[in-house]
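> let me see the structure of the following:
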Amino acid sequence: MNFCTLFDSNYLSRGLAMYYSLEKVCDDFHLYIFAFDSKAESILIQLNLKHATIISLNDFEDADLLKVKSTRTIAEYCWTSTSSTILYAIEKYNLPYCTYLDADLFFYSSPKPIFEEMGDASILLTEHRYTKRYDKSRKSGKYCVQFITFKNNEFGLKALKWWRDQCINWCYNRIEDGKFGDQKYLDDWTTRFEGVHVLGNLGAGVAAWNVQQYNFNYENDKLFLKEISTQNKFQMIFYHFHYLRFYKNNKIELGRRTLSNDVLNLFYRPYILELDKIKNSLLKYDSNLDSHGASIEPQSLKTPFLFLFRKLLGIYNIYQKEKFLS
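Predicted coordinates for the structure are as follows:
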């Protein structure tokens, strides 16, 4: 299985957590990691990861990307670059296919069933599958870039190169003319391009925006989810820890959606403990490294009115980290 991802030193613990989770569940895979700053590149090279190839910005960036880099924020430039990382990996290493992974995914079982379901299709998309009250598809799109596959064939490359051209032309963190970042471009792909498969396996792409639709349980050390509305059952493949924030006052934020105690215990607490373990292991490479990318807590989150409002809605997912993990 061929994967690629991109992250800088602020996402280093997340990217490594994803890599190590793949090591635990995959017999055979390779991850092409695009290091988006020199600090991440240096540490990743020293780690000498068995199933990874580290690619620097100097090797990756071409004239088209460099031309627009100064017009994008850091996040916007990462979005702009996503399609280019997939194309680079396919062309540079002559891969039969490549799957892009967001760095904040974590795998609980092998993604092999995803590719088995994809079959002979040339492109694989994953839906957000929003819980109704959290539906942001009009803004963020029906599909999530989190896990997206292209085969090295006519249909796959046609869509991938089209997407890259669009993202270089326009990729911003705002809604404009039906566009938003790199994601809204995917909305019409089932009719725009041939060979597109939309994943039906609910075990892939669980996230805060859809986790309310499922119940979870372990069976023989394997984690399963059951869709509440249909009782359909799937083995859990990966969770997307989008919007997890670390603050310099040692608080954490899990986003603004309702998360049950089961979800906190099954997913968030173990994941944050794993991130801290990785962070501590990296300090020997750089004692000043902040591999969680902690920022100052926004003043708006400290106001009593907002605290009460979000508490009443059941979405005050901000915790003192030690208390949350205890």
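> Tyr319 looks like it's in a strand, true?
Yes. Assessed with DSSP: H, G, I helix; E, B strand; the rest coil, Tyr319 lies in a strand.
> contacts only, for it.
Each residue near Tyr319 by C-beta atoms under 8 Å, 6 or more residues apart in numbering is listed here: 251-254. (C-beta placed from N, C-alpha, C; glycine too.)
> run the last query once more with 6 Å
Counting by C-beta atoms under 6 Å, 6 or more residues apart in numbering, Tyr319 makes contact with Ile252.
> what's across from it in the sheet?
Ile252 (DSSP bridges).
> equivalent analysis for Leu101, please.
When assigned by DSSP bridges, Leu101 has beta-bridge partners Phe147.
> what count of nearby residues applies to it?
Residues lying near Leu101 (other C-beta atoms under 10 Å) number 24.
> could you pull out the helices for this structure?
Ranges of helices within the chain are 12-25, 38-47, 57-60, 63-69, 74-92, 112-118, 137-140, 154-169, 189-192, 261-263, 269-282, 304-312, 321-325, based on DSSP state H.
> so for the last one, what gets flagged as buried?
By neighbour count, with 16 or more other C-beta atoms under 10 Å as the criterion, the buried positions of helix 321-325 are Phe324.
> how far is it from where the chain is centred?
Relative to the mean C-alpha coordinate of its chain, helix 321-325 is positioned 24 Å out (C-alpha atoms, centre = their mean, to the nearest Å).
> run through the bridge partners of the residue nearest to Gly205 when sequence neighbours are not counted.
Distances taken as C-beta to C-beta, 6 or more residues apart in numbering place Thr126 nearest to Gly205, at 4.6 Å, with adjacent residues excluded. Going by DSSP bridges, Thr126 is paired in beta bridges with Cys144.
> what's the burial count for Thr126?
A count of neighbours around Thr126, defined by other C-beta under 10 Å, yields 21.
> measure it to Phe150 for me?
Thr126 is 13 Å from Phe150, where distance means C-beta to C-beta, to the nearest Å.
> what does the average pLDDT come to for stretch 158-176?
Averaging pLDDT along stretch 158-176 yields 96.
> show me the strands in the stretch 151-300 of the chain, by range?
For the stretch 151-300 of the chain, the strands defined by DSSP state E, counting those that start in this stretch cover 175-176, 179-180, 196-198, 204-207, 214-219, 222-227, 233-235, 238-240, 245-246, 251-253.
> which of the ones you listed sits most buried?
Counting by mean count of other C-beta atoms under 10 Å, strand 238-240 has the highest mean neighbour count of the strands of the stretch 151-300 of the chain, with a mean of 25.
> pLDDT on that strand, on average?
Average pLDDT, strand 238-240: 98.
> what is the burial count for Asp104?
Using other C-beta under 10 Å, Asp104 has 22 neighbouring residues.
> that one and Arg14 touch, don't they?
Yes. At 4.8 Å, Asp104 counts as touching Arg14 under the criterion of C-beta atoms under 6 Å.
> pull the helix or strand with minimum mean pLDDT from the chain.
Among the helices and strands of the chain, helix 304-312 carries the lowest confidence by mean pLDDT, DSSP states H and E, at a mean of 58.
> low-confidence stretches in the chain?
When residues are selected by pLDDT under 70, those of the chain lie in 297-316.
> follow-up on the earlier one: now tabulate the strands of the stretch 151-300 of the chain in CSV and tack on distance to Tyr285.
Supplementary listing: the strands of the stretch 151-300 of the chain in CSV, determined by distance: least, C-beta to C-beta, whole Å:
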stretch, distance to Tyr285
strand 175-176, 40
strand 179-180, 36
strand 196-198, 41
strand 204-207, 30
strand 214-219, 35
strand 222-227, 32
strand 233-235, 35
strand 238-240, 27
strand 245-246, 19
strand 251-253, 24
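> go through these and name the closest to Ile278.
Closest to Ile278 of those, according to C-beta to C-beta: strand 245-246, at 12.9 Å.
> which strands and helices sit next to that closest one?
Contact here means 3 or more C-beta pairs under 6 Å, 6 or more residues apart in numbering; DSSP states H and E; on that basis strand 245-246 packs against no helix or strand.
> what's in contact with it?
Contacts of strand 245-246 (C-beta under 6 Å, 6+ apart): 252-253, 292, 294.
> roughly how far does Leu186 sit from Leu47?
Distance of Leu186 to Leu47, given as C-beta to C-beta: 33 Å.
> returning to what we had before: out of the contacts of strand 245-246, which is nearest to Ser84?
When the contacts of strand 245-246 are compared against Ser84 (criterion: C-beta to C-beta), the nearest one is His292, at 26.3 Å.
> contacting residues for the closest one?
Contacts of His292 (C-beta under 6 Å, 6+ apart): 13, 246.
> the same query, at a cut-off of 8 Å, please.
Contacts of His292 by C-beta under 8 Å, 6+ apart are 10, 13-14, 246, 275, 279.
> having no further points to raise, I will conclude here.
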